[in-house]
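>>> with the sequence up front, the predicted model follows.
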Amino acid sequence: MSRYRSYLEVAKQIISNYRGEIPFAIHLKNFFSGKKKFGSTDRKTISALCYNYFRAAHALNGSDDEKIIHAFFLMNENVHPFLKEMNDELNQKSSLTVAEKLELLKIEAENLFPFADHISTDININSFCNSFLRQPALFLRLRPGKEEAVLRKFDEAGVAYKRPGQRSLRLANSIKLENIISINKEAVVQDLSSQHTLDYINENLFNELPVDVWDCCAASGGKSILAYDLLKQEVRLTVTDIRSNILKNLMQRLAEAGVPLYRSAVKDLGKTISGMEKFGMIICDAPCTGSGTWARTPEQLHFFKEEKIRYYSNLQKQIIQNTVRQLKPGGIFVYITCSVFAEENEQQVEHILQQPGMSLLHQQYVEGYEHRADTLFTSTFRLSS
């Protein structure tokens, strides 16, 4: 059996044994663990075959071999020895645009994402679906006052980067950041769209921003650090999460970032909240399907069940009802998801507006599909004084 034919067979084995119960990256790591015969190039190519399959599988027809080969063709912009051996006719057409490749394979872009009926009308469905055929980039947000130092370090290391914003960098996913900069202290790994979720507050409400902020679904703490930086460090920060291990990691990250923490607690926000004070600003980066980020983890697209949309929608409503009660009069409520589904976004805006005294100041999708970034939803509300 040839080298590339063996890659195909191994990829089929890995895919058939995966059920979506753990992140695919961990599944791959477990598979390759102890298999010394696979070098770094072998693992890289086999992993790419698997990930590309998950990106396009919903739209592909034919045998498993054909699906994996066609998916690799869709994702590859240059000729590749794997394609040369498996289907040299396609290999010679690797430089075609995504649209031309889809037409050649008789694939409709919308079939890449079978949940289009739930997507917000504000989203360009064709562009969003096509974005699954490109791996999102690695983005950094430069911390205030650290911009020149970070750029100098990347220049000295000979690392190529692009600057999609004054404090944003786009890099290749293969870059080993820890060998170049002090992560969290000098720059934060944060998707480009996520970096813009608090733009409205920064641009329109800065002079009246409160110092007491509650990041109620804090997770990894990206929004906490962002709020701290935007508020010029004048913030008394409270963070909560339902998962104690996540909260522990968050506290370590905040320490590395030099962000002082006023209070932290494990809280299940789907239940009535007790023992919490009132806040001038609440950031609710709500649990969601994550559909706006599935280009990073395409296995989630492949295994997603439509009924989960209703599950998250109901959970979000409970969290909203329980958290808005903790706003001070005149306080600001920011609702964020990394979803493109209207049930999790526009319909939740309507639910928030049903809460006594709440008014909408701003809402938008931060569209990442033209920038190799995630697509997120952000909205800002005020409680009447």
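Thanks, I have it. Numbers count the residues shown, from 1 in each chain.
>>> now do the one helix or strand Leu360 maps to: distance to the chain's middle.
Counting by DSSP states H and E, the element that carries Leu360 is strand 358-366. The chain centroid and the centroid of strand 358-366 are separated by 20 Å under C-alpha atoms, centre = their mean, to the nearest Å.
>>> got it, and stretch 143-161?
The answer for stretch 143-161 is 24 Å, by C-alpha atoms, centre = their mean.
>>> buried stuff in it?
Arg143, Lys146, Glu147, Val150, Lys153, Phe154, Val159, Tyr161 (16 or more other C-beta atoms under 10 Å). In this view, the C-beta of every residue, glycine as well, is placed from N, C-alpha and C.
>>> hmm, the last one is touching Ser168, no?
What that stands for is Tyr161. No. Taking contacts as C-beta atoms under 8 Å, Tyr161 lies outside contact range of Ser168: 9.8 Å.
>>> quick one: the strands in the stretch 151-300 of the chain, in order.
With DSSP state E, counting those that start in this stretch as the criterion, the stretch 151-300 of the chain has strands at 162-165, 168-171, 187-189, 212-215, 236-241, 263-266, 279-285.
>>> just put those strands in CSV and tack on mean neighbour count, distance to Cys50 and mean pLDDT.
Output for these, formatted as CSV (neighbours: other C-beta atoms under 10 Å; distance: least, C-beta to C-beta, whole Å; pLDDT from 0 to 100):
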stretch, mean neighbour count, distance to Cys50, mean pLDDT
strand 162-165, 13, 28, 94
strand 168-171, 20, 24, 97
strand 187-189, 21, 24, 97
strand 212-215, 24, 35, 94
strand 236-241, 22, 31, 93
strand 263-266, 14, 35, 91
strand 279-285, 24, 30, 96
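>>> distance to Lys35 added to these, as a markdown table?
Shown next, in a markdown table, are the strands of the stretch 151-300 of the chain (distance: least, C-beta to C-beta, whole Å):
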| stretch | distance to Lys35 |
| --- | --- |
| strand 162-165 | 36 |
| strand 168-171 | 30 |
| strand 187-189 | 29 |
| strand 212-215 | 42 |
| strand 236-241 | 36 |
| strand 263-266 | 39 |
| strand 279-285 | 38 |
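>>> looking at those, which is closest to Ile119?
strand 279-285 (20.3 Å; C-beta to C-beta).
>>> run the angle between the closest one and strand 236-241 for me.
40 degrees (axes from the mean of the first three to the mean of the last three C-alpha atoms, to 10 degrees).
>>> and for strand 279-285, what's in contact with it?
Residues outside strand 279-285 that contact it (C-beta atoms under 8 Å, 6 or more residues apart in numbering): 197-198, 209-219, 223-224, 227, 238, 319-320, 323-324, 326-328, 330-337.
>>> repeat that for stretch 114-127.
By C-beta under 8 Å, 6+ apart, stretch 114-127 touches 58, 109-110, 113, 128-129, 291, 304, 306, 309, 340-343, 345-346, 365, 367, 369-370, 375, 377.
>>> ok, stretch 59-79 next?
With C-beta under 8 Å, 6+ apart, stretch 59-79 has contacts from 8, 11-12, 15, 48-49, 52-53, 55-57, 80, 82-83, 86-87, 90-95, 98, 101-102, 105, 107-109, 111-112, 133-135.
>>> how about stretch 367-377?
120, 123-124, 127-128, 130-131, 134-137, 139, 164, 170, 191-194, 197, 292-293, 295-296, 336-340, 344-345, 363-366.
>>> can you rerun that using 6 Å?
127-128, 131, 134, 136-137, 191-193, 197, 292-293, 337-338, 340, 345, 365-366 (C-beta atoms under 6 Å, 6 or more residues apart in numbering).
>>> now do the SS call for Ser379.
In three-state terms, and counting by DSSP: H, G, I helix; E, B strand; the rest coil, Ser379 is strand.
>>> dig out what it forms beta bridges with.
Tyr335, Gln363 (DSSP bridges).
>>> spit out the contact partners of it.
Tyr335, Val349, Gln363.
>>> now do Ile14
Per C-beta under 6 Å, 6+ apart, neighbours of Ile14: Phe31, Cys50.
>>> that one: which element?
Using DSSP H and E, Ile14 sits within helix 3-16.
>>> report the mean per-residue pLDDT for that helix.
Confidence over helix 3-16 (mean pLDDT, whole number) is 95.
>>> hang on, the earlier thing: sort out which of the contacts of stretch 59-79 are buried, if you could.
Here, 16+ other C-beta under 10 Å leaves 8, 11-12, 15, 48-49, 52-53, 55-57, 80, 82-83, 86-87, 90-91, 94, 98, 101-102, 105, 107, 109, 112, 133, 135 buried among those.
>>> roughly how far does Cys156 sit from Lys162?
Just to correct that, residue 156 is Glu rather than Cys. According to C-beta to C-beta, to the nearest Å, Glu156 stands 18 Å off from Lys162.
>>> check Leu247 too.
34 Å.
>>> just Val98 next, same as before
From Val98 to Lys162 the distance is 20 Å (C-beta to C-beta).
>>> distance between stretch 189-196 and the chain's centre?
With C-alpha atoms, centre = their mean, you get 9 Å for stretch 189-196.
>>> identify each buried residue in it, please.
In stretch 189-196, counting by 16+ other C-beta under 10 Å, buried: Gln190, Asp191, Leu192, Ser193, Ser194, Gln195, His196.
>>> closest one to Ala25 out of those, please.
Distances from Ala25 to these, taken by C-beta to C-beta, are shortest for Asp191, at 17.0 Å.
>>> so the closest one sits right up against Phe139, yeah?
Yes. With contact defined as C-beta atoms under 6 Å, Asp191 reaches Phe139; the gap is 5.4 Å.
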